[in-house]
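Peer 1: Have a look at this fold, sequence not included:
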């Protein structure tokens, strides 16, 4: 895989032919429009008006440094320095022997994190249990990995609190591989 080959190439000081690395900055016009959208993002018109003013700056920056060191692919598991900081922050709460290289993955958001967990912890055919109402991502991601989704219904009681039937949960968990617990629960916020 790309991740393994990248790790091995770094470890042995080898040329990594498994992954391309951009070595030039993006076109000045594209950088100017991206910067304008960030700086004047109240409307597309305001961003378009600012872009030509930023293009000259982008061209000057490109002339000063023709090799782009910042706009590179990120490490698939997250920057090593970030994973080290995460491992250090959680060290007191984790079992001994866990390390950033083998046990910490940084993801871009909940969608990717959920997919990473399903892929790492489940095998095709496994049952995955989660509470409903649920985010539309849960059953669709389970299907992508060949998993069998099982939903347990949360019901709002007269006191405004959400609860599930212990019998329904017990039945859903029978033979299941994973129970997804999302707290606060999406979309109830409880």
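Peer 2: Looks like it came in fine. All values reported here derive from a predicted model rather than from experimental measurement.
Peer 1: Please name the residues that touch the residue in the chain sticking out farthest from the centre.
Peer 2: Distance from the centre of the chain peaks at residue 158, with 37.3 Å (Cα atoms, centre = their mean). By Cβ atoms under 8 Å, 6 or more residues apart in numbering, the contact list for residue 158 is empty. All C-beta atoms are positioned from the backbone trio N, CA, C, and that covers glycine.
Peer 1: going forward can the numbers begin at 592, since that is how I track them
Peer 2: In the new count, where the first residue is 592, that last one comes out as residue 749.
Peer 1: helix or strand for it, which one?
Peer 2: Under the assignment given by DSSP states H and E, residue 749 is not contained in any helix or strand.
Peer 1: separation between it and residue 757?
Peer 2: 19 Å (Cβ to Cβ, to the nearest Å).
Peer 1: do residue 703 as well
Peer 2: 32 Å.
Peer 1: out of these two, which sits in the more crowded spot?
Peer 2: Neighbour totals were compared for residue 703 and residue 757, and residue 703 leads with 12 against 9 (other Cβ atoms under 10 Å).
Peer 1: and residue 711, that's in a helix?
Peer 2: Yes - judged by DSSP: H, G, I helix; E, B strand; the rest coil, residue 711 forms part of a helix.
Peer 1: Model confidence for it, exactly?
Peer 2: Per-residue pLDDT puts residue 711 at 91.
Peer 1: Which residues are in contact with residue 623?
Peer 2: 642, 643, 645, 646, 648, 649.
Peer 1: Which ones among those residues lie within helices?
Peer 2: If you go by DSSP state H, these have 642, 643, 645, 646, 648, 649 in helices.
Peer 1: The closest residue to the fourth one other than its chain neighbours in helix, strand or coil?
Peer 2: Which is residue 646. Excluding its sequence neighbours, the residue lying closest to residue 646 (Cβ to Cβ, 6 or more residues apart in numbering) is residue 623, at 4.0 Å. What three-state DSSP gives for residue 623 is helix.
Peer 1: mind giving me CSV with the contacts of residue 623 and columns for pLDDT?
Peer 2: Below are the contacts of residue 623 laid out as CSV (pLDDT from 0 to 100):
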residue, pLDDT
642, 91
643, 91
645, 92
646, 90
648, 89
649, 86
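Peer 1: Mind giving me the ChimeraX command for buried ones among those residues?
Peer 2: Entered in ChimeraX, the line below selects the buried ones among the contacts of residue 623, by 16 or more other Cβ atoms under 10 Å:
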select :642,645,646,649
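Peer 1: Looking at the contacts of residue 623, spot the one nearest residue 728.
Peer 2: Within the contacts of residue 623, proximity to residue 728 (Cβ to Cβ) peaks at residue 642, which comes in at 34.5 Å.
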